[in-house]
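Q: Following is a predicted model, sequence given first.
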Amino acid sequence: MSTKLNISEFLDQDEKKDLLRLLTAGSVDDGKSTLIGRLLFDSKKLYEDQLDALERDSKRVGNAGENIDYALLLDGLKAEREQGITIDVAYRYFSTNKRKFIIADTPGHEQYTRNMITGGSTANLAIILVDARTGVITQTRRHSYLVSLLGIKHVVLAVNKMDLVDYSQEVFDKIVADYKTFAAPLGIPDIHCIPLSALNGDNVVEKSENMPWYEGTSLLDYLENIQLESDQNFEDFRYPVQYVLRPNLDFRGFCGKVASGVVRKGDEVMALPSGKKSRVKGIHTYEGEIDMAFAPQSVTITLEDEIDVSRGEMLVHPNNQPRVERDFEAMLVWMDENTMDPAQQFFIKHTTNLSRVRIDQIKYKVDVNTMEQSDADKLALNEIGRVTFTSNKPLFFDPYLQNKSCGSFILIDPVTNNTCAVGMIIDKVSGNSKQVAITEADRLIMREGKSLIAHKERESRLEQKAATLWIASNDREATNEAAYTLERRLFDYGKTAIVLPAQKATEHVARMCNLLNEQGFIVICTTEAISEKDADEMKNVIGENRFTWVAVNEACAHADFAIQTGNIMSGVEAIANTL
């Protein structure tokens, strides 16, 4: 009697399976891609056309002699196949009767650190491959450090190529001991070690008869049965609001994804940053209303009271709140090909919140090969550092190791819109921690009467370019009107401008303007009418790029701008638009 496949039942069962996200990491030629390819092949998760293509490619570009080169299932780029290495992150999806899997095959080279960070950002488990012939090497240490940095709690140390050391238990035990000694300070809570041969399939899907001394399970069996429930954060309810839904006058809901924790109908919730409280009236999904929601469900929450909540704000339980801070410290992975400019401001994307942020201090950078810390004033591509930040508005966060969803962020270049870096928040920064350490060299500089704060730092803090707008006219009332109209307009644009009234254009006045410019301010200086010679003298003191000559009710062909009494506003707008 044949059993017909019920598609609906199959899809329903598949949807209810747990999902395990894992990454593989290892040195060049340790066999990462081969291992995953063998896992897919032996678990019979390949279609016939994939098998045919694999056999053809193995003969044409394979590196396994007459055998099938399983790595070709993942090394998809032409450059990867030519070099026999992994460059980009390759994702593979497959499912067994017990669990669904998403595998990220990440490159092992140091220059592709950002690729590994990307691939591991959502992983629950990491498989770190070690060649049985070489044991724990520099790349093993680097990958383990990155895994700990990403907060991945489960690590499988896969000692590969056991066939090349005659399946020796002594070799395996030594590698395990060396690795656990090294990994102890990293704080990885769960390390499981498996000896295997990816090429021959030993201990990949089925237990190997070549290693009777190994009493553990095969790799697939371990992956199918590892418990992940304890990894999820069901304690800290965090609901970043993504969108306010108001289809009609009778419904107002807050759409978003539960980042962590659990929320139920009737729960008291607090909106951040306002601190206003209400109770959950309803929890809505596409299928209908539900009584409870948990991470990572996307829902719409309605409240009993009409409180003001907008995109970027957060709903939490009043007795369990995140940090609400502008100053915080994080481990930062620089991902842009352009080297960091610490004086530049960036956009920070944290949950649904978008804000501007500045870098206060780089405490140190980490050598990912040795884990040694060293001083740094900037970070380059693939470099990692401990950095303190100040955002323009408060962020609602938890430490990354406590809550990944609310403890991670990205930095965006406001000019190019490129993702510059990813960060894992350590915690808030206390007032004392924000203070930059003063060195003996700094003290010598200060004793000479010089500031430690660079001009670019001041401009970055004020978000403007310093300039002197020299408004000159013998009509004092018109000069004042133009100056204070310009001050008002610049203030409305978010600029910080200072009006400096003066009688005559003197070197002393010019030096005052220059001093204020050095502090990052825009100076609006008013004097009586000046000549071209006067303007050149002022420009020499202030700087040609900072000096703008504005004539009011004066016929002067050499002025940068000429304003008439009856048309001051349009003239002011033209000047303001240049700053």
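A: Yep, it's here. Residues are numbered from 1 along each chain as shown.

Q: tell me the mean pLDDT over the helix or strand hosting Tyr179?
A: In this structure, Tyr179 is located in helix 169-183 according to DSSP states H and E. Here helix 169-183 scores 94 as its mean pLDDT.

Q: tell me how far the next helix or strand after it is from the chain's mean position?
A: Counting by DSSP H and E, the next helix or strand C-terminal to helix 169-183 is strand 190-195. Strand 190-195 sits 30 Å away from the centroid of its parent chain (Cα atoms, centre = their mean, to the nearest Å).

Q: re the thing from before, mind exporting the helix holding Tyr179 as CSV, just the C-alpha atoms?
A: What follows is helix 169-183, C-alpha atoms only, in CSV (Å, rounded to 0.1, in the frame of the first residue of the first chain):
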residue,chain,number,x,y,z
GLN,A,169,43.8,9.0,19.3
GLU,A,170,47.0,10.4,20.7
VAL,A,171,47.1,13.1,18.1
PHE,A,172,43.4,14.0,18.6
ASP,A,173,43.8,14.2,22.4
LYS,A,174,46.8,16.5,22.2
ILE,A,175,45.0,18.9,19.9
VAL,A,176,41.9,18.9,22.2
ALA,A,177,44.1,19.7,25.2
ASP,A,178,46.0,22.4,23.4
TYR,A,179,42.8,24.0,22.2
LYS,A,180,41.0,24.0,25.5
THR,A,181,44.0,25.5,27.2
PHE,A,182,44.0,28.3,24.7
ALA,A,183,40.2,28.8,24.7
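
Q: which parts of that helix are buried?
A: 171-172, 175-176, 179, 183 (16 or more other Cβ atoms under 10 Å). Placement of C-beta: from N, CA and C, glycine included.

Q: Give me the phi and psi for Leu444.
A: phi -60, psi -40 (degrees, to the nearest 10).

Q: any idea how far it lies from Pro247?
A: 66 Å (Cβ to Cβ, to the nearest Å).

Q: domain ranges for the chain?
A: In the domain annotation for the chain, the residue ranges read 7-230, 238-316, 323-434, 462-576 (automatic domain parsing).

Q: what about the second one, average pLDDT?
A: Same thing as domain 238-316. For domain 238-316, the per-residue pLDDT values average out at 94.

Q: Just the terminal-to-terminal distance for that domain.
A: End-to-end distance of domain 238-316 (Cα to Cα, to the nearest Å): 5 Å.

Q: circling back: which of the domains of the chain has the lowest mean pLDDT?
A: domain 7-230 (a mean of 81).

Q: any idea how far the nearest residue to Leu186 once chain neighbours are set aside is from Val316?
A: If the residues on either side of it in the chain are set aside, Leu186 comes closest to Ser148, at 4.0 Å by Cβ to Cβ, 6 or more residues apart in numbering. From Ser148 across to Val316, the span is 28 Å (Cβ to Cβ).

Q: and those two? which has more neighbours close in?
A: When Ser148 and Val316 are compared for neighbours, Val316 comes out ahead with 22 against 19, by other Cβ atoms under 10 Å.

Q: Test my guess that Val499 contacts Ala482.
A: No: contact status for Val499 versus Ala482: not in contact, 10.5 Å apart, counting by Cβ atoms under 8 Å.

Q: Who has more neighbours out of the two?
A: Neighbours of Val499 and Ala482, each counted by other Cβ under 10 Å, are more numerous for Ala482; the result is 29 against 15.

Q: The more buried one: what's it in contact with?
A: Taking Cβ atoms under 8 Å, 6 or more residues apart in numbering, we find Ala482 in contact with 471, 473, 550, 552, 563, 568, 571-572.

Q: Narrow these to those in strands?
A: Within these, residues falling in strands by DSSP state E are 471, 550, 552, 563.

Q: Let me have those in a markdown table, extended by distance to Gly385 and neighbour count.
A: What follows is these, written out as a markdown table (distance: Cβ to Cβ, whole Å; neighbours: other Cβ atoms under 10 Å):
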| residue | distance to Gly385 | neighbour count |
| --- | --- | --- |
| Ile471 | 45 | 25 |
| Val550 | 45 | 27 |
| Val552 | 51 | 28 |
| Ile563 | 49 | 27 |
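
Q: ok so, going back, what's the strand or helix carrying the residue nearest to Leu186 in contact with?
A: Using DSSP H and E, Ser148 falls within helix 138-149. The contact list for helix 138-149, computed with Cβ under 8 Å, 6+ apart, reads 25-28, 108, 110, 113, 116-117, 120, 126, 128, 130, 155, 179, 182-183, 186-188, 331, 333, 366, 368-371, 384, 424.

Q: how near is the residue nearest to Leu186 to Met335?
A: In terms of Cβ to Cβ, Ser148 sits 19 Å off from Met335.

Q: again, but for Ile575
A: When distance is defined by Cβ to Cβ, Ile575 is 39 Å away from Met335.

Q: quick one: contacts for the closest residue to Glu518 other than its chain neighbours?
A: Nearest residue to Glu518, sequence neighbours excluded (Cβ to Cβ, 6+ apart): His455, at 5.8 Å. His455 sits next to 466, 518, 520 when contact means Cβ under 8 Å, 6+ apart.

Q: ranges for the strands of the stretch 451-579 of the chain?
A: Secondary structure of the stretch 451-579 of the chain by DSSP state E, counting those that start in this stretch: the strands cover 467-472, 497-501, 522-527, 547-552, 561-563.

Q: now do the stretch 301-450 of the chain
A: Under DSSP E, counting those that start in this stretch, the stretch 301-450 of the chain gives strands at 314-316, 323-334, 345-350, 353-366, 373-374, 384-397, 408-412, 419-428.

Q: now these as a markdown table including distance to Leu220?
A: Converted to a markdown table, the strands of the stretch 301-450 of the chain look like this (distance: least, Cβ to Cβ, whole Å):
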| stretch | distance to Leu220 |
| --- | --- |
| strand 314-316 | 40 |
| strand 323-334 | 31 |
| strand 345-350 | 37 |
| strand 353-366 | 34 |
| strand 373-374 | 39 |
| strand 384-397 | 33 |
| strand 408-412 | 30 |
| strand 419-428 | 30 |
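
Q: re earlier: how about JSON lines for the contacts of Ala482, with distance to Ile410 added?
A: Compiled in JSON lines, the contacts of Ala482 are given as follows (distance: Cβ to Cβ, whole Å):
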{"residue": "Ile471", "distance to Ile410": "44"}
{"residue": "Ser473", "distance to Ile410": "50"}
{"residue": "Val550", "distance to Ile410": "42"}
{"residue": "Val552", "distance to Ile410": "48"}
{"residue": "Ile563", "distance to Ile410": "45"}
{"residue": "Ile568", "distance to Ile410": "45"}
{"residue": "Gly571", "distance to Ile410": "42"}
{"residue": "Val572", "distance to Ile410": "39"}
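
Q: and the two most separated of the residues you listed?
A: Greatest spatial distance among the contacts of Ala482 (Cβ to Cβ): Ser473 and Val572, at 14.0 Å.

Q: Please give the element, helix or strand, for the residue lying closest to Leu303 once chain neighbours are set aside.
A: Nearest non-adjacent residue to Leu303, counting by Cβ to Cβ, 6+ apart: Ser278, 4.2 Å away. Following DSSP H and E, one finds Ser278 within strand 277-285.

Q: And the next helix or strand past that strand?
A: Next along the chain after strand 277-285, taking DSSP H and E as the criterion, comes strand 288-290.

Q: May I see the buried residues of that next one?
A: When burial is assessed from 16+ other Cβ under 10 Å, strand 288-290 yields no buried residues.

Q: rewinding a little: list the contacts for the residue nearest to Leu303?
A: Ser278 neighbours (Cβ under 8 Å, 6+ apart): 268-269, 271, 303-305, 307.

Q: Please repeat the previous calculation with a cut-off of 10 Å.
A: If you count contacts by Cβ atoms under 10 Å, 6 or more residues apart in numbering, Ser278 has them with 267-271, 302-307, 309, 315.
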